[in-house]
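> Fold the following.
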Amino acid sequence: MNIGEAVKLRILELCDERKISVNKLCSISGITQSTVNNIISGRNNSATVSTIKKLCDGLEISIEDFFNSELFRNLEQEIK
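Below is the predicted model:
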C-alpha cells in the first residue's frame, strides 16, 4: 500500500467511526468537496499536510491521531 491509499482509507475509516459522510467532513473542515473527492477516488495521491491538518481540525483530532493507524505501518517505499 502507498501513502495515498493509506490516507484515503484513513479518511473513510474516520468518517465511518463518526458516522458522517465525506460531504459532511468537507463542510466541517472547510475543504472543497472536489479536493476530498480527488483524494478518495485516487486522482490525488499526494494530499498536502495542510489539507490533512484541516481534516484533522474538522474531526477534532491531532495529526498524530490521524497517522496513528495500522494503515501507515509498513508502507511501500516511495522512491525506487
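> low-scoring stretches of this structure, by residue?
For the chain, residues meeting the criterion pLDDT under 70 lie at 80.
> One more pass at 90, please.
1-2, 42-47, 74-80 (pLDDT under 90).
> All the strands of it, in order from the start?
Along the chain, counting by DSSP state E, no stretch forms strands.
> If we go by neighbour counts, what in the helix ranked longest in it is buried?
Of all the elements of type helix in the chain, the one with the most residues (DSSP state H) is helix 3-18. By neighbour count, and taking 16 or more other CB atoms under 10 Å as the criterion, the buried residues in helix 3-18 are Gly4, Ala6, Val7, Lys8, Arg10, Ile11, Leu14, Cys15. Heads up, the C-betas are built off the backbone N, CA and C, glycines and all.
> with the residues you listed in mind, which one is nearest to Phe72?
Using CB to CB, Ala6 is the member of these that lies nearest Phe72, at 5.4 Å.
> which residue packs closest to that closest one, ignoring adjacent ones?
Spatial nearest neighbour of Ala6, chain neighbours left out: Leu71 (4.3 Å); criterion: CB to CB, 6 or more residues apart in numbering.
> quick one: contacts for the one you found?
Met1, Ala6, Leu9, Arg10, Glu13 (CB atoms under 8 Å, 6 or more residues apart in numbering).
> cutoff 10 Å now
Met1, Ile3, Glu5, Ala6, Val7, Lys8, Leu9, Arg10, Glu13 (CB atoms under 10 Å, 6 or more residues apart in numbering).
> Check those and tell me the two furthest apart.
In the contacts of Leu71, two members sit farther apart than any others by CB to CB. They are Ile3 and Glu13, at 15.1 Å.
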